[in-house]
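>>> what's the 3D shape of this:
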Amino acid sequence: MPQDEVVFAGFGGQGVLFAGQLLAYAAMDEGKHVTWIPSYGPEMRGGTANCTVVVSDRPIGAPLVRHPSVALAFNKPSFDKYEPLVAAQGLLVVNSSLVEQTSARTDMAILPVPGTTEAETLVGNIRVANIILLAAMLTARPIVPLETVSKALEEHLPEHRRHMLADNRRALARGAEIAAEVLAGVS
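Below is the predicted model:
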């Protein structure tokens, strides 16, 4: 694997930065080289938020990414921004609960995942949609094992969110199931 360059993008409050951090922690636990760069607007909630995670078997020369191999679009503005930037043969994971638009591109894989709807149905809390989308992405593009992500969740979930550990683990499992179902339908 040369390296995976992943962009997580959405509104502040959707857990975009945490999903990226979780991937970074899991990749470090797997002995990979990792960079994590957050970017967010001045608003606490509702502003833009995104982060870039680069995972590699070798030292990372530059953490800046122009054309990510994977992008997770949590909302429509993020879809609009990153859909044209995903590298050829890349993967675009779309929160289809909030993004009805589809891509006309045929040179990349598109994985629609109703993250927000599934989070509400699964645990009654849309705060785990980020974990559903992350698990779906890792099922389609296994950068790190889901078991490592589950362990990283336990080790890095903030204290004020510890009560959500079981819900996050259920979200991991559900995201993997959704991706497996979508991928089986594509084959």
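>>> from the chain's centroid, how far away is stretch 9-19?
A distance of 9 Å separates the centroid of the chain from that of stretch 9-19, by Cα atoms, centre = their mean, to the nearest Å.
>>> heads up, I number from 20, so please use that
Okay, using 20 as the starting number, the last item reads as stretch 28-38.
>>> helices and strands around whichever helix in the chain runs longest, which ones?
Ranked by number of residues, the top helix in the chain under DSSP state H is helix 184-205. Applying 3 or more Cβ pairs under 8 Å, 6 or more residues apart in numbering; DSSP states H and E, we find helix 184-205 packed against strand 128-132, helix 134-142, helix 148-159, helix 165-175. To be clear about C-beta, it is placed using only N, CA and C from the backbone, and glycine gets the same treatment.
>>> who's in contact with the residue nearest the centre of the chain?
The chain has Leu153 as the residue nearest its centroid, 3.7 Å off, counting by Cα atoms, centre = their mean. If you count contacts by Cβ atoms under 8 Å, 6 or more residues apart in numbering, Leu153 has them with 38, 41-42, 91, 168, 191, 194.
>>> make CSV out of the residues you listed and add pLDDT.
Formatted as CSV, the contacts of Leu153 follow (pLDDT from 0 to 100):
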residue, pLDDT
Ala38, 97
Leu41, 97
Leu42, 98
Leu91, 98
Val168, 98
Leu191, 97
Gly194, 97
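>>> which single one of those is nearest to Trp55?
In terms of Cβ to Cβ, no member of the contacts of Leu153 lies closer to Trp55 than Leu42, at 8.1 Å.
>>> in the helix or strand harbouring that closest one, what's buried?
According to DSSP states H and E, Leu42 maps onto helix 35-48. For helix 35-48, the neighbour count (16 or more other Cβ atoms under 10 Å) marks 35-48 as buried.
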